[in-house]
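Peer 1: quick one: sequence and predicted model below, then my questions.
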Amino acid sequence: MESVEVQQITLTDAWQALSEISDPEIPVLSLVDLKIIRDVRVEGATATVELTPTFLGCPALDYMKNEIREKLLALGFQTVNVELKLSPAWSTDLLGEEAREKLRVFGIAPPEKRAATLAESLKKPVVCPYCRSSETRLESSFGPTLCKQIYYCEHCRQSFERFKTL
Ligand SMILES: [Zn+2]
C-alpha cells in the first residue's frame, strides 16, 4: 500500500482544523475557543489531542471525540488519539476575552471570573448582553443545558441565557 504523504501536516494545520469544531451546546464557540481542547501533539502520521470536558459525564463527549477524529483523519493523519485530561479541571476562567465577546454578541452573558468564594460569586450582578444593564434577575435555573441559566433583563425586557461560572 502506498503511504500517504503525511509529513506536510503541521501542528498549525491540526489546530486550524480543530478550531472549526463548534461546541454542540454553544455553537458560537469552537472547542478550541472553549479550551476544551487543551493540547495537540503531532508525531508523524499520529495526532494526539488532549480534551478536558466541561463536566464529567458530559453527554456531548462522544460527539466531540468523533468530530475530532473525523477532522484530523480528513486532514491526512492515520492515527488520532483523544486523551481525556481531567486535571486541572476545566473552568470558565479559561475563556479568553475574545471568546467572552463572541458569547455577548450571540446574546449569552459570559461567565464572570470566579470570585474567591461562592458567596462572593453569587453577589456579582449578571450583566445583560444586549443593553449591559445589571438590572437582571434569574428566571429559571434550568436553562436548555446544565451550563446555562435563563435571566430576564428589567431594563430592555428581554430574556437571555447566561453561561454559568464554573
Ligand atoms: Zn437588557
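Peer 2: That came through fine.
Peer 1: tell me if residue 150 really is in a helix.
Peer 2: No. According to DSSP: H, G, I helix; E, B strand; the rest coil, residue 150 belongs to no helix; its state is strand.
Peer 1: residues near it, how many?
Peer 2: A count of neighbours around residue 150, defined by other C-beta atoms under 10 Å, yields 15. C-beta: built from backbone N, CA, C; applies to glycine.
Peer 1: which strand residues bridge it?
Peer 2: Beta-bridge partners for residue 150, by DSSP bridges, are residue 140, residue 161.
Peer 1: might you report the residue contacts of residue 88?
Peer 2: By C-beta atoms under 8 Å, 6 or more residues apart in numbering, residue 88 lies in contact with nothing.
Peer 1: also the one 3 residues further on?
Peer 2: Contact criterion C-beta under 8 Å, 6+ apart gives 114, 166 as the residues in contact with residue 91.
Peer 1: the one 3 residues further on now?
Peer 2: Shown here is residue 94, whose contacts under the criterion C-beta under 8 Å, 6+ apart are 34, 35.
Peer 1: quick one: least confident helix or strand in this protein?
Peer 2: The weakest-scoring helix or strand in the chain, judged by mean pLDDT, DSSP states H and E, is helix 118-123 (a mean of 71).
Peer 1: close to the ion: what parts of the protein are there?
Peer 2: Contact residues (C-beta under 5 Å from the ion) of the chain with the ion: 128, 130, 131, 133, 153, 155, 156.
Peer 1: in strands, which of these fall?
Peer 2: Mapping these onto strands (DSSP state E) picks out residue 153.
Peer 1: quick one: which of the residues of the chain next to the ion is nearest residue 147?
Peer 2: Ranked by distance to residue 147 (C-beta to C-beta), these are led by residue 128 at 18.8 Å.
Peer 1: my read: the closest one touches residue 159, true?
Peer 2: No. Shown here, residue 128 and residue 159 do not form a contact pair, counting by C-beta atoms under 8 Å, at 10.0 Å.
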